[in-house]
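[1] Build me a model from this:
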Amino acid sequence: MYFFCKFVSNDKNMNNNWQNSISIDSNIRFGKPTITGTRICVSDILSWLSQGMSMEEILLDFPELKKEDILAALAFAANRENITKIIAA
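    I've put the predicted structure just below:
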């Protein structure tokens, strides 16, 4: 049995929050979603936040990031969670 993820969005505002900040490139971090222009994955940011790091701490540790990048990572994750449909084939 194979599973496919289909991404469909009806919320244009949520898409616009992350579309310009998140990239997926098979040559960078094995195709994981990353902050455009960096090798920092969305999952890295989510992990740091879940471990209790504040946005300010992340920005101090990773000066290449902007607050908008962290918010884009959160929007991307929320969008993906809300719109992923598992389709069994």
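
[2] and stretch 61-71, C-alpha only, in PDB?
    Presented in PDB, the C-alpha positions along stretch 61-71 are these (Å, rounded to 0.1, in the frame of the first residue of the first chain):
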ATOM      1  CA  ASP A  61      22.000  32.100  17.700                       C
ATOM      2  CA  PHE A  62      21.200  32.300  14.000                       C
ATOM      3  CA  PRO A  63      21.700  35.800  12.800                       C
ATOM      4  CA  GLU A  64      20.900  34.800   9.200                       C
ATOM      5  CA  LEU A  65      17.300  34.400  10.300                       C
ATOM      6  CA  LYS A  66      14.700  37.100  10.600                       C
ATOM      7  CA  LYS A  67      11.600  37.100  12.800                       C
ATOM      8  CA  GLU A  68       9.500  36.700   9.600                       C
ATOM      9  CA  ASP A  69      11.400  33.500   8.800                       C
ATOM     10  CA  ILE A  70      10.400  31.900  12.100                       C
ATOM     11  CA  LEU A  71       6.800  33.000  11.600                       C
END
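
[3] Report the buried residues of it.
    62, 65, 69-70 (16 or more other C-beta atoms under 10 Å). (Each C-beta comes from the backbone N, C-alpha and C, glycine too.)

[4] same deal with stretch 31-44?
    Going by 16+ other C-beta under 10 Å, stretch 31-44 has these buried residues: 33-36, 40-42, 44.

[5] Endpoints of that stretch, how far apart?
    14 Å (C-alpha to C-alpha, to the nearest Å).

[6] Stretch 54-72 too?
    First-to-last residue span, stretch 54-72, C-alpha to C-alpha: 15 Å.

[7] tell me the mean pLDDT for the helix ranked longest in the chain?
    Assignment by DSSP state H gives helix 67-83 as the longest helix of the chain. Average pLDDT, helix 67-83: 87.
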